[in-house]
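K.L.:
Below: sequence and its predicted model.
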Amino acid sequence: MSQPKLPPMPEAPKDPLSILHDRFMDAMRAVMGEALPEGASPMLAPSKDPKHGDFQSNGAMPLAKRAGQNPRALAEKIVAALNIGDIAETPEVAGPGFINIRLKAGALSGALAAMDTAALGVAPVSGGAKPQTVVVDLCGVNLAKQMHVGHIRATVIGDALARLHERLGWKVVRQNHFGDWGLPIAMVTDAVKRAVEGRRLSLASLSLEELEKMYRRAQRDCEADEGGLAAVTRFGLGPKAEAELGAQVAGARENLARAQAALVALQSHEASHYAVWKEISRVTLAACFAAVGRMGANVTDEHTAGESSYAEELAPLVKDLVDRGVAEESDGALVVRLEEFGIKEPCIIRKSAPKGVAGGGAGGGGVTGGSAGGGFLYATTDLAAIRRRVQKFGASKVVYAVDGRQALHFKQVFAAAKKAGYARLAGGGDAELLHAWFGTILGEDGRPFKTRSGENVKLADLLEEASQRAEGAVREKNPGLPDAERRAVAEAVAMGAIKYADLSSDRIKDYVFSFDRMLAFEGNTGPYLQYAVVRIRSIFRKAAEQFGAGEAGAASSAALSLEAPEEKAIALELLKYPGVLRSAADACEPHRLCGYLYELAQAFSTFFAACPVLQATTEAQRRSRLRLCSLAGRVLADGLHTIGIKVLDRM
RNA sequence: GUCCCGGUAGCUCAGUUGGAUAGAGCAGCCGCCUUCUAAGCGGCAGGUCGGGCGUUCGAAUCGCCCCCGGGACGCCA
């Protein structure tokens, strides 16, 4: 068959959209000459309604507005100057100045064949040069605490953003910013250490449940009810109340003092404290990696950088900021002022000196930070992290998958880092610092998702429940599956359902968590997408049975004929893939990819119902359709992999 | 009080630098399995895009003012 002549394609094939874009720019320049404004664009987009062709250009209208011309007349002029006869029919001008373009059948199949490569038409961002580095901050667990629903988003969104960048050829460094340092950590370390010494606890068999209880208790035991005591004394509520509160306050003060001593011991790596802390850390992370691994997120020990790993850097960092005049004193605290960034609230990097005991805070700077001030704060650690990520890891982009409530904090830290020069790139300019924030997971009552008793829902429990529910569903829908495969399928379906529910809506919004909806397996869900892949793979199994093992191979180079509207619709959908990936990564919005994959799956399902593949009327049609199935299947599988969802052969 | 984010069909959500008749899914109703997995497909019905004013050929989208909900606001992380 005669393929249309396309412009030379050295590396990645040019998709019809970028070809059209170039030709339109030429035509617009020809029509407007010098008057063509700087950022002018043909504003090409896929048409929403097939009646309006395959693509439309909306650029003539704004152009006419700025030039004070009649939009329709300008559109006509652009069309007259347009040279796209090789790939498209003569465009029509419609309405106030829309230009509708219909591709020639050969151009569509040619473009589709061009993207039928291992890379699926996706060119690496670096364009063959040395890949750029992006750091993705994700997961964010805390020592001695179980993961709960709140960690789903930081993990799943962060992992998806990392995968998106990897897919586009970035070098990705994942960083699990582990909350393993500071006074609260010292409290629980001290409590565990004493329990072990008192033989009430065995270090060898610590469980995270126990640790979490001890963490809460230790914190409570350090909270002195000073206000209560003052009130009791002032209002003379009796010696008994006074004595009870007095004892509470005295005990709390003692506990606090001991925790502060423990912090000092930890900072100097004193052996007995350090060993206990290390073991608590190990137990916490083991549980974290188990849960995260079950979800298929790639977060392990090598991606984990505890706050403790920055402890030694904080005092020199603060000194550096003071020496260079970046930080200044304010009410006894050290702050970086950010008015020049339009931020009123300064970034506090060291507390004012406490009246009584020294120490405390994230870094416990009261000890290592010298006598001039109090402890460091989490902003201090985050500044050190930016410095490490940009200057040591070489990141030109740092993405934080962290709860939206920290938006102001990150605004401050990003600005402070730039002011301090910690985000400066080797080649000049600052690294891009991006807070890819997300909203809260809500229960079906519209309030933050909690158990009936008001506790946080444990991540591990939630994953297990999803898996159980999915297994029931799989048993019902496909009773023929062997036990082992059924469990594997249920597991993949359950995790896919949870992750897709999280990724498929705009991350910035809160979303309502519902097992029933995500596991209904209907409509816009993870299982629907997995199912589309399963149906495609099933076709290929049957093809091998009916036509021999070589059939798939024969189809892979078959001529594509896109006659049925359902075939054409898939083709147009497939061609969007590279652009969607790029836009999702640029905006750090995985839901753009999810929406696309859902539309592709829908296009496939419609095709599946309308166009017999194995029962096609001719061998040529069968092979063309098989090739279309193959492409759809590979894009779906690639896209699902890119958002971290497993693909199955059967379900 | 200041600032940030939301408000789109009964419910859950999409809606690309302003573009054509605002789209899906669920729930409801009507069809479709002797043919590749019906976890599917086709169709019907469902909307003052929170409200108002403005900008213009054109506004869910941009500007201003309100209303409602959530969140953050210097020594917690």
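P.N.:
In hand now; what should we look at? Numbers count the residues shown, from 1 in each chain, chains lettered A, B, ... in the order given.

K.L.:
ranges for the strands of the stretch 101-250 of chain A?
P.N.:
Secondary structure of the stretch 101-250 of chain A by DSSP state E, counting those that start in this stretch: the strands cover A:133-138, A:171-178.

K.L.:
Helices along the stretch 1-150 of chain A, start to end?
P.N.:
Taking DSSP state H, counting those that start in this stretch, the helices of the stretch 1-150 of chain A run over residues A:16-32, A:60-67, A:71-81, A:105-115, A:149-167.

K.L.:
should've said the stretch 151-300 of chain A
P.N.:
A:183-197, A:208-221, A:226-235, A:239-267, A:271-294.

K.L.:
what does the helix or strand following the last one contact?
P.N.:
For helix A:271-294, the succeeding helix or strand toward the C-terminus, using DSSP states H and E, is strand A:304-306. Defining contact as C-beta atoms under 8 Å, 6 or more residues apart in numbering, one finds that strand A:304-306 is touched by A:143, A:175-181, A:281, A:285, A:385, A:388. Yep, even glycine has a C-beta here, placed from its N, CA and C like the rest.

K.L.:
Can you tell me which of those lies closest to residue A:219?
P.N.:
residue A:143 (12.6 Å; C-beta to C-beta).

K.L.:
residue contacts, the residue lying closest to the closest one once chain neighbours are set aside?
P.N.:
Leaving aside its sequence neighbours, residue A:143 sits nearest to residue A:180 (C-beta to C-beta, 6 or more residues apart in numbering; 4.3 Å). Applying C-beta under 8 Å, 6+ apart to residue A:180 gives the contacts A:142-143, A:277, A:281, A:284, A:306-308.

K.L.:
ditto for residue A:135
P.N.:
A:172-175, A:389, A:393, A:395, A:397-399.

K.L.:
now stretch A:155-175: mean pLDDT?
P.N.:
Stretch A:155-175 shows a mean pLDDT of 98.

K.L.:
Report whether that stretch contacts RNA strand B.
P.N.:
No - Stretch A:155-175 stays clear of RNA strand B (C-beta under 7 Å from any atom of the strand), getting no nearer than 12.6 Å.

K.L.:
List of residues touching stretch A:553-571?
P.N.:
Applying C-beta under 8 Å, 6+ apart, the set of residues contacting stretch A:553-571 is A:1, A:50, A:105, A:108-109, A:112-113, A:116, A:543, A:600, A:603-604, A:606-607, A:610-611, A:620-628, A:630, A:632.

K.L.:
send the alpha carbons of that stretch over as PDB?
P.N.:
The C-alpha trace of stretch A:553-571 is given here as PDB (Å, rounded to 0.1, in the frame of the first residue of the first chain):
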ATOM      1  CA  GLY A 553       4.100 -11.900  15.000                       C
ATOM      2  CA  ALA A 554       2.500 -11.700  11.600                       C
ATOM      3  CA  ALA A 555       0.100  -9.200  12.900                       C
ATOM      4  CA  SER A 556       2.800  -7.000  14.400                       C
ATOM      5  CA  SER A 557       3.800  -5.800  11.000                       C
ATOM      6  CA  ALA A 558       0.400  -5.900   9.300                       C
ATOM      7  CA  ALA A 559      -0.900  -3.000   7.400                       C
ATOM      8  CA  LEU A 560      -3.300  -1.000   9.500                       C
ATOM      9  CA  SER A 561      -6.600  -0.300   8.000                       C
ATOM     10  CA  LEU A 562      -8.800   2.000  10.000                       C
ATOM     11  CA  GLU A 563     -12.200   1.900   8.400                       C
ATOM     12  CA  ALA A 564     -14.600   1.400  11.200                       C
ATOM     13  CA  PRO A 565     -15.200   4.400  13.400                       C
ATOM     14  CA  GLU A 566     -14.300   2.400  16.400                       C
ATOM     15  CA  GLU A 567     -10.900   1.600  14.900                       C
ATOM     16  CA  LYS A 568     -10.300   5.200  14.000                       C
ATOM     17  CA  ALA A 569     -11.300   6.300  17.500                       C
ATOM     18  CA  ILE A 570      -8.700   3.900  19.100                       C
ATOM     19  CA  ALA A 571      -6.000   5.100  16.700                       C
END
